[in-house]
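A.B. asks: test case, fold it:
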Amino acid sequence: MKKVAILTSGGDAPGMNNAVIAVINSAFSNDMIPYVVYGGFKGLVEGEIKKVEPSDLKAIKQNISRGGTFIYSARLPEFKEEKVREIAVKNLKEKEIEALVVIGGDGSYMGAAKLTKMGIKTIGLPGTIDNDIASSDYTIGYFTALQSITNAIEQIRDTAESHNRCIVVEVMGRYCGDLAINAAIATGVEVLSVPEKYLEEEEIISQVKLRREKHNDRSIIVLVTEHQYDVAKLAKKIEATTGIESRSSVLGHLQRGGVPVSMDRVYASRMGNYAIKLLKEGKYSLAVGIIKEKLVSFDILKAVEMKNPSREGLIQIYKESK
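C.D. replies: Numbers count the residues shown, from 1 in each chain. Just a heads-up that it's a prediction; the model follows:
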């Protein structure tokens, strides 16, 4: 195998740049020619594929501390269509590129798996802040997002304490509560609702009321994962029911940006290097991960189907420590 392309797909995540740089450097170290695809699968279809020259490395390395992805990302729902994927495969084969490293979430993994069936050797790296890919203990971007959320809650706490308020904070995670659970442990939030331990609105209100009456808390943070509530309406309901002045805050995309923390950089670099090693060994259609600090790989379609282990232990730690 002589040529390998790299793309980032789906939502950006801090550390993606480190993974891309690791793949490029490892490719050169293993006598492969790396290419980058600008704009994810969309760029692959549009032919935005550029060969990386050794002279490019100095400029590329400057992205090592940047968030986001310097080769950009885009969503392309049409990639599910075979005729669209055929264009992508044609573009790769015209440049005699045999392999593709895809950095993204489960949707990106599905796209990579379908390309494998069409003759492209693919490897998937878990790039998503949500930590919702079970084939790795942690995904690229998760640690940075967790730190950003922790910092935001601490700042929100200052205002809540000053004004004697309850503030409902919504964080990302889709249907995985890892960001919220660990941020709750890190910051001592008073009320937590995640997909793994969902609270009805009445339960949240009851817990808020208890914190004010029993613990005399001036600041009460209600931390929830997205897609569960209309947090603005929930805050109004809390205020109307308890008499406690309440507000809401949706942290939004600030969680996805920012300088990647060291752990994201290290994990991303390790996984990027491992992707090239697997390709050199003739192994592909695999999802790379790190489990118990060891590099692992799984069939990419099985990785998509894997379920996250129970978070009950973490939730119990939160309950006992708040």
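A.B. asks: use CA for all of it now, contacts and neighbours both
C.D. replies: Fine.
A.B. asks: for residue 134, give me phi and psi.
C.D. replies: Main-chain dihedrals, residue 134, degrees, to the nearest 10: phi -70, psi -10.
A.B. asks: likewise residue 220?
C.D. replies: Dihedral angles for residue 220 - degrees, to the nearest 10 - are phi -130, psi 120.
A.B. asks: list the contacts of it.
C.D. replies: Contact analysis of residue 220 by C-alpha atoms under 8 Å, 6 or more residues apart in numbering lists 160, 165, 166, 167, 189, 190, 191, 208, 211, 212.
A.B. asks: nearest to residue 137, of those residues?
C.D. replies: residue 189 (24.1 Å; C-alpha to C-alpha).
A.B. asks: please settle this for me: is the closest one part of a helix?
C.D. replies: No: counting by DSSP: H, G, I helix; E, B strand; the rest coil, residue 189 is not found in a helix; it is coil.
A.B. asks: just to check, it is in contact with residue 321?
C.D. replies: No: applying C-alpha atoms under 8 Å as the test, residue 189 and residue 321 come out as separate, 9.8 Å apart.
A.B. asks: more crowded one of the two?
C.D. replies: residue 189 (23 against 12; other C-alpha atoms under 10 Å).
A.B. asks: give the contact list for the more buried one.
C.D. replies: Taking C-alpha under 8 Å, 6+ apart, one finds 220, 221, 222, 223, 322 in contact with residue 189.
A.B. asks: 7 Å instead, please
C.D. replies: Residues counted as contacts of residue 189 (C-alpha atoms under 7 Å, 6 or more residues apart in numbering) are 221, 222, 223, 322.
A.B. asks: buried only: go through those residues for me.
C.D. replies: 221, 222, 223 (16 or more other C-alpha atoms under 10 Å).
A.B. asks: one step back: okay if I get the contacts of residue 189 as JSON lines plus secondary structure?
C.D. replies: As requested, the contacts of residue 189 are exported to JSON lines (three-state DSSP):
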{"residue": "221", "secondary structure": "strand"}
{"residue": "222", "secondary structure": "strand"}
{"residue": "223", "secondary structure": "strand"}
{"residue": "322", "secondary structure": "coil"}
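A.B. asks: let's have those in CSV, adding pLDDT.
C.D. replies: As requested, these are arranged in CSV below (pLDDT from 0 to 100):
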residue, pLDDT
221, 98
222, 98
223, 98
322, 80
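A.B. asks: closest one of those residues to residue 181?
C.D. replies: Each of these was scored against residue 181 by C-alpha to C-alpha, and residue 223 proved nearest at 8.7 Å.
A.B. asks: list the beta-bridge partners for the closest one.
C.D. replies: residue 169, residue 192 (DSSP bridges).
A.B. asks: quick revisit: restricted to strands, list the contacts of residue 220.
C.D. replies: 166, 167, 191 (DSSP state E).
A.B. asks: and which of these is nearest residue 312?
C.D. replies: Once C-alpha to C-alpha is applied, the member of the ones in strands among the contacts of residue 220 that ends up nearest residue 312 is residue 191, at 15.8 Å.
A.B. asks: in contact with residue 259, which residues?
C.D. replies: Taking C-alpha under 7 Å, 6+ apart, one finds 14, 65, 66, 67 in contact with residue 259.
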